[in-house]
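> After the sequence you'll find the predicted model.
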Amino acid sequence: MQLDNQLLILFFTLASHWRQKPLQLATMIVGLAAATALFSGVQALNEEARASYAEASDILGANQFSSIVAKDRQTFPQEKYIDLRRRGLPVTPVIHGSVKIDGISINLMGIDIVTLPQSNAPVTLMPDPSQGSDNATNQFDLVKFITPPWQAAASPVLIDRLRISPDTTIDAQDHGSLPPLFPLKTVPPQTIILDIGAAQSILEMAGVVSELFYVGDHMSPQHRKTIISLGFDILDPGQENDIEQLTSSFHLNLAAFGFLSFLVGLLIVHAAAGLAFEQRRPIFRTLMACGINRSTLMFSLTLEVMIIAIVAGTIGIFLGYIIAASLLPDVSKTLQGLYGAVVADTLVARPLWLLLGLGMSIAGAFIASARFVFQLHGLPILKTAYPEAWRAKQSQSLRWQSIGAGLFLILLVISNIVGSGLLKGFVMMGCLLCAAALLLPACLTGMLALASRFFSKTVLLEWFFADTRQQLSGLSLALQALLLALAVNIGVGTMVGSFRTTFTSWLDQRLAAELYVNPGDNVSYREIENWLSRKKGVKAVLPAAFKEARSGGLPLSIFAFTPNSIYRDHWPLLDKSPDAWDRLKSTENVLINEQFARRENVWAGDSVAVTLADGEKTAQIVGVYSDYGNTKAEIMVPLSTLTAWYPATEASLFVVRADPSLVSELVNDLKNTFSLNDKQLIDQQALKSFSVAVFEQTFLITNALNVLTLIIAGIALFTSLLSLATARLPQLAPLWAVGVPRAILSRFELARALVLALMTSVLALPLGISIAWMLTAIVNVEAFGWKLPIIIFPGDLFTLMVLAAGTAFASAFVPALQLRRTSNAQLLRLFAQEK
Amino acid sequence: MALKVISVKKSYDTPTGKLTVLDGIDFKLEAGKSLALTGESGSGKSTLLHLIAGLDRLDQGDILVSGQSVREMSDSARASLRRCDLGIIFQQYNLIPSLTVSQNIAFQARLARRHDQSWDQTLMDRLGLKGLEQRFPEQLSGGQQQRVAIARTLAARPPLVLADEPTGNLDEATGDGVLDLTLELAQTTSTAFLMVTHSLRLAERLDARIHLAKGRILKGKTNAA
């Protein structure tokens, strides 16, 4: 009871500090809330996407049944399935593929409803009498499901998105028509489930299956042995699905941004907590002198930190939810555009996410203030509460920070030598950013000393530079936050700008043809080809085709083209054998895209294995082309080669070279003559605009997070300057007393913020460009499979510097105004207080 | 005349009503002379010093520093007055922590555009600051810091020096030494010296003394110069 009472008194005594310094409390809460908001916002986005992938994974059976697959992960003849059934194994066949509807990539999953037990199937198609009449499953008709023209199940979200009315067939761009859909809530948004026979027919995969599900309760050792002896692999439930692997880099990017913002926010908290501790140091000594136990004092401070963290964390989670909810539709579009992954665009507040946000807020507050709380451990009770001499403290701090920076640089070199993959890129960037942040105060001290040598023409300028050096210790955390935000901004901005420039010039080269015609199934290709050939202004009609295959167990697209100078002259090759285009005449030679080359580390002169429906084909690579925006591996062969590999192949696309001035007339004629729609006729300009739009969409989230991080750095600078403003008055009062007007002092305060921000931005330039290099040379290669040249945009860098200076000016404006408006009485009180 | 204080009145608004701090103060101080301002705490000594320095505004009366009326001055003119026509020595020294000893000493003289390196050297020699030029205030003892503050004020050669308890933070021996030196230097440069102090012992060493009580000059205890 006594202890409780003591703790209560102690707690309220310590908390009285915040009543006197509400701004400091606000700084701490704003910093922590901002840190938590961006971190939890990004987490919410990732969680939502992962939840969508998990739903997809569940529906595909990965978490329900053991999967039996071919050793090469390719399709296998369905006779093998029949063989296993005859041996008494409870297996059911499944086939997977994808089709495109209205530009959206949809997974097709073919099942055998007879052998897939409905009692524990991931999706129950059979009607359940216990459910209401409006239950979607009531639309299921077994006979319609298993007999032509079939019926398929899709999520209401997908049906809504595709704007399909029930009982109508759907045109898939590359696979004819799909059966009518009925809505089923348990089907994930990007999947259509249908009978295996229907799927085999649509996907042109007759007689083969992708995998078998073992639907028995428990796989006996004997069954396991039989399966393995027949040349299969068994994948136990819980294996990560393809889409999760594909999108991992995107989510890692988001997580890295979230974490960076969290760190920037923690710098604000650290600064505020440090100031509060310094100001309360005399109180701590008095309390201990009055008999308060040291550990009780530490406990009380910890409790205080925890309460602040909970309040700030709750605000942060709320803000994070708003950020995530506003960004989710764009994230959803980006994932759809980049990976064909469909993610729900409505955010659900998940308990795990809420707890993680709150946990990070509490952990962050403890990390930011732990050093100060533990300083109490060695605080002598009777020693006078003078703060440490700033110069000694500053030089000691610079020494430790330089040692820390050195360690981070060593770690950077080590990770560059021994590391690999995406993680290596992020670790290297993290090390570089940490080292640079730690070196910043030393660099600024040096720059100020140099500036002082050249610009200290008057006594006030001499004081200005000396005083600015002294203020560095109080402002360094905010400036470090600004440095990190600017460097990441420059890095990401340069990377995106380089990418945009490279991508646009690549598009200009690659989309040299004036018109692309995709007639679909309803129109005769020959008829259109003949019609186009006779048309005035048409220079060439070049049939082309796409085909899906696999290589190394992963999906592969084959683009077949009709050889023409348009490819030879405009298709940029990154690596090539001599006479690459001529050598494509042989059906043994192929071109591959950069993604494929980097993934498999195969280049011109190497061989590549392509798995076709009737076996494997080994071809020689004669060139590697850049293929920005495509996340999949692709090979390019003449149409004659594809026809040799797949004799039944027909052209599905016409690349038309025409007089540019006649293109719009040609488009209208094609529409009128063959009833083609806008989606089937794409002119060069429209395709370029679409590609650029997809590109912009891809980096929309990155740009948004970039701006948010800069805003947090701005808050850090503002709150630091505001916190320091009170401490500044006693330092500036003597100058006022000796005749330096407040107006001049407040101008110097503004100038100080500007000078420091500009110096920080100058230092951020090489750092940001290094980050851009790491992003383009390491992270992009790992994440997307392509490497880019770095292009520097001086205009953008200048704008960013102006923005940084503007942020600093805005941050310093309020404290400077406060100083200017400080009354004589307030300044005189400072002298009176000193007595 | 270095300083002329004419019927100065000053009061402050407080929650309990108007508080009169100074109520008709009159005195003058000639160049090269020194004057002690004594009185109990709250008698208005520091307020008077602040009014003379133009750090605060008076309600009635006038103050003439080197013949210039402080009452009529704008804020910038008061700032200029402090830069060029008077110097203030604070009890807490009020040195600029980011500048070295030599930079601190030269500071006000440079502001007043009267900087003389050899005079700085003389002051440092006389005040025993030789060898400490490159040190920062935090690296000095209290006595050393106060001597730097005095040097800073005298380096600008102001016609009037105002000192607010300049030896209040020093032990008796150090305080006496610092005061002797200040008075000697003030005399050498014909500077008028006005010092606020609690100590009658120190006050006796100046040319004249004024004792304030409840905002008025106490009769019988005035020997203004």
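Yep, that arrived. Residues are numbered from 1 along each chain as shown, chains lettered A, B, ... in the order given.
> my guess is B:Gly175 contacts B:Arg205, does it?
No - using CB atoms under 8 Å, B:Gly175 is not in contact with B:Arg205, being 11.0 Å away. Every C-beta, even on glycine, is put in place using the N, C-alpha and C of the backbone.
> Have a look at these two and say which one is more surrounded.
Neighbours per residue, other CB atoms under 10 Å in any protein chain shown: of B:Gly175 and B:Arg205, the larger number sits with B:Gly175, 21 against 16.
> tell me the contacts of that one?
Shown in contact with B:Gly175 (CB atoms under 8 Å, 6 or more residues apart in numbering or on different chains): B:Thr167, B:Leu202.
> buried set for the helix or strand containing it?
Here B:Gly175 sits within helix B:172-188, counting by DSSP states H and E. By neighbour count with 16 or more other CB atoms under 10 Å in any protein chain shown, helix B:172-188 contains the buried residues B:Thr174, B:Gly175, B:Gly177, B:Val178, B:Leu179, B:Leu181, B:Thr182, B:Leu183, B:Leu185, B:Ala186.
> Give me the sheet partners of the helix or strand just after it and which way each runs.
The helix or strand immediately downstream of helix B:172-188 is strand B:192-196, counting by DSSP H and E. As defined by DSSP bridges, the strand partners of strand B:192-196 come to strand B:34-39 (parallel), strand B:160-164 (parallel).
> now the angle between helix B:172-188 and strand B:192-196, please.
Relative orientation of strand B:192-196 and helix B:172-188, computed by axes from the mean of the first three to the mean of the last three CA atoms, to 10 degrees: 150 degrees.
> now for whatever helix or strand comes next after strand B:192-196, which elements pack on it?
Downstream of strand B:192-196, the first helix or strand assigned by DSSP H and E is helix B:200-203. Under the contact definition 3 or more CB pairs under 8 Å, 6 or more residues apart in numbering or on different chains; DSSP states H and E, helix B:200-203 sits against strand B:34-39, helix B:172-188.
> in the first one, what's buried?
Along strand B:34-39, these residues count as buried under the neighbour rule (16+ other CB under 10 Å): B:Ser34, B:Leu35, B:Ala36, B:Leu37, B:Thr38, B:Gly39.
> need those in a markdown table with pLDDT and distance to A:Lys539, can you?
Below are the buried residues of strand B:34-39 laid out as a markdown table (pLDDT from 0 to 100; distance: CB to CB, whole Å):
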| residue | pLDDT | distance to A:Lys539 |
| --- | --- | --- |
| B:Ser34 | 92 | 106 |
| B:Leu35 | 93 | 106 |
| B:Ala36 | 93 | 107 |
| B:Leu37 | 92 | 103 |
| B:Thr38 | 92 | 108 |
| B:Gly39 | 89 | 106 |
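> hmm, back to that, lowest average confidence across the helices and strands packed on helix B:200-203, which one?
Mean pLDDT is lowest for helix B:172-188 among the helices and strands packed on helix B:200-203, at a mean of 83.
> Output that one as CSV, nothing but the C-alphas.
Output of helix B:172-188 as CSV, limited to C-alpha atoms (Å, rounded to 0.1, in the frame of the first residue of the first chain):
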residue,chain,number,x,y,z
GLU,B,172,35.0,37.5,-1.0
ALA,B,173,38.7,37.6,-2.0
THR,B,174,38.1,37.0,-5.6
GLY,B,175,35.2,39.4,-5.6
ASP,B,176,37.3,42.2,-4.1
GLY,B,177,40.1,41.6,-6.6
VAL,B,178,37.7,41.7,-9.6
LEU,B,179,36.0,44.9,-8.3
ASP,B,180,39.3,46.7,-7.7
LEU,B,181,40.4,45.9,-11.2
THR,B,182,37.1,47.0,-12.7
LEU,B,183,37.1,50.3,-10.9
GLU,B,184,40.7,50.9,-11.8
LEU,B,185,40.1,50.2,-15.5
ALA,B,186,36.9,52.2,-15.5
GLN,B,187,38.8,55.2,-14.1
THR,B,188,41.6,54.7,-16.6
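> Which residue would be the closest one in chain B to chain A?
Chain B approaches chain A most closely through B:Arg83 (3.1 Å), counting by CB to the nearest CB.
> tell me the contacts of A:Ala154?
For A:Ala154, counting by CB under 8 Å, 6+ apart, the contacting residues are A:Leu181, A:Phe182, A:Pro183, A:Leu184, A:Val187, A:Thr191, A:Ile192, A:Ile193.
> Which of those residues fall in helices?
Using DSSP state H, no member of these sits in helices.
> can you tell me which two in the residues you listed are farthest apart?
A:Phe182 and A:Thr191 (13.8 Å; CB to CB).
> which bits of chain B sit near chain A?
Counting by CB under 8 Å from any CB of the partner chain, chain B comes close to chain A at B:46, B:50, B:53, B:55-57, B:75-76, B:79-84, B:87-88, B:90-92, B:94-99, B:103, B:106-108, B:110-112, B:136, B:138-139, B:164-165, B:168.
> Could I have the buried ones of those residues as PyMOL selection syntax?
Buried subset of the residues of chain B next to chain A, written as a PyMOL selection, criterion 16+ other CB under 10 Å:
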select buried, chain B and resi 46+50+53+55+56+79+80+81+82+83+84+87+88+90+91+92+94+95+96+97+98+99+103+106+107+108+110+111+112+136+164+165+168
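> Report the central residue of chain B.
B:Leu162 (1.4 Å; CA atoms, centre = their mean).
> For the strand or helix carrying A:Ala325, the averaged confidence score.
A:Ala325 is part of helix A:294-339, with elements assigned from DSSP H and E. Computed over helix A:294-339, the mean pLDDT rounds to 83.
> Output the below-cut-off pLDDT ranges for the stretch 151-300 of chain A.
Residue ranges of the stretch 151-300 of chain A with pLDDT under 70: A:164-176, A:188-190, A:236-250, A:252-253, A:285-286, A:289-292.
> who's in contact with A:Val740?
A:Val740 is in contact with A:Leu460, B:Ala79, B:Arg83, B:Leu111, counting by CB under 8 Å, 6+ apart.
> mind running it again at 7 Å?
Applying CB atoms under 7 Å, 6 or more residues apart in numbering or on different chains, we find A:Val740 in contact with A:Leu460, B:Ala79.
> ok, now the one 5 residues further on?
Under the criterion of CB under 7 Å, 6+ apart, the contact list for A:Leu745 reads A:Leu732, A:Leu735, A:Trp736, A:Leu819.
> So which of those sit within helices?
Using DSSP H, A:Leu732, A:Leu735, A:Trp736, A:Leu819 are the members of the contacts of A:Leu745 that sit in helices.
> residue contacts, the third one?
With contacts taken as CB under 7 Å, 6+ apart, A:Trp736 has the following neighbours: A:Arg742, A:Leu745, A:Leu827.
> can these go into CSV with extra columns for pLDDT and secondary structure?
Shown next, in CSV, are the contacts of A:Trp736 (pLDDT from 0 to 100; DSSP: H, G, I helix; E, B strand; the rest coil):
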residue, pLDDT, secondary structure
A:Arg742, 89, helix
A:Leu745, 92, helix
A:Leu827, 79, helix
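> Save those as TSV, and put in distance to A:Thr501 too.
As requested, the contacts of A:Trp736 are exported to TSV (distance: CB to CB, whole Å):
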residue	distance to A:Thr501
A:Arg742	50
A:Leu745	47
A:Leu827	56
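> coming back round to it: quick check: the farthest pair among the buried residues of strand B:34-39?
Among the buried residues of strand B:34-39, B:Ser34 and B:Gly39 lie farthest apart (CB to CB), at 17.0 Å.
> For residue 85, give me its contacts.
Since no chain was named, I'll use chain A. Listed by CB under 7 Å, 6+ apart, the contact partners of A:Arg85 are A:Val91.
> Hmm, no, I was thinking of chain B.
B:Val65, B:Ser66, B:Pro158, B:Pro159, B:Leu160.
> Which of the contacts of A:Ala154 sits closest to A:Ile771?
Nearest to A:Ile771 out of the contacts of A:Ala154 is A:Thr191 (CB to CB; 38.4 Å).
> Hmm, the closest one is touching A:Gly110, no?
No - in this structure, A:Thr191 is not within contact of A:Gly110 by CB atoms under 7 Å, at 11.3 Å.
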